[in-house]
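Q: This is a predicted model, with the sequence first.
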Amino acid sequence: MLGHLSFGVQDLARSAAFYERALKPIGFVRVWSNERGVGFGPPGKGDKLALFARPGEARSPGPGFHLAFDAPDRAAVDAFHAAALAAGGTDAGAPGLRPHYSPTYYAAFVVDPDGHKLEAVHQ
């Protein structure tokens, strides 16, 4: 349904380092970069998430918005959460089942350094 999503970020180097670590467990890598931005996606393919430097302008979306990444298994959800926290993210929901969504919905939530809420989910 979606081709890609882009976020404006305050500090491109900081955000690129965060996403490199956080997205590695779910199979995303840096697929392009330049002085204005960086893109992440599956190895050898196009970006699914692009970050663009917008110092002094970047704002995270308000309550109710988050970006969910499909994870290949529960271990990848756990690893995403741990990597994101180690890279400077904030915990917004530890890994675990979310039976109010479905009996097999296993997810974790974090907030990146710019305030974007992220999820890794395996169903």
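A: That came through fine.
Q: mind listing the strands for the protein?
A: Along the chain, counting by DSSP state E, strands occupy 5-9, 29-33, 37-41, 49-53, 67-70, 90-97, 106-111, 117-122.
Q: give me the low-pLDDT residue ranges for this structure?
A: When the per-residue scores of the chain are filtered using pLDDT under 70, the ranges that remain are 1.
Q: Farthest from the middle of it: give me that residue.
A: Pro103 (23.6 Å; C-alpha atoms, centre = their mean).
Q: Without its sequence neighbours, what residue ends up closest to that residue?
A: Leu97 (7.6 Å; C-beta to C-beta, 6 or more residues apart in numbering). C-beta coordinates here come from the backbone N, C-alpha and C atoms, glycine included.
Q: any idea how far that neighbour is from Ala75?
A: When distances are taken as C-beta to C-beta, to the nearest Å, Leu97 and Ala75 turn out to be 14 Å apart.
Q: try Val31
A: Taken as C-beta to C-beta, the spacing of Val31 relative to Ala75 amounts to 24 Å.
Q: Tell me which of the two has more neighbours.
A: Taking other C-beta atoms under 10 Å, Val31 and Ala75 do not tie; Val31 has more neighbours (18 against 12).
Q: Quick one: residues contacting the more buried one.
A: By C-beta atoms under 8 Å, 6 or more residues apart in numbering, the contact list for Val31 reads 39-47.
Q: Centroid-nearest residue for this protein?
A: Within the chain, one residue has its C-alpha closest to the average C-alpha position: by C-alpha atoms, centre = their mean, that is Leu118, at 5.0 Å.
Q: wouldn't that residue be in contact with Pro61 here?
A: No. Under the contact definition of C-beta atoms under 8 Å, Leu118 does not touch Pro61, with a separation of 11.7 Å.
Q: so the residue nearest to Pro103 touches His122, yeah?
A: No. Taking contact to mean C-beta under 8 Å, the distance of 10.3 Å between Leu97 and His122 leaves them out of contact.
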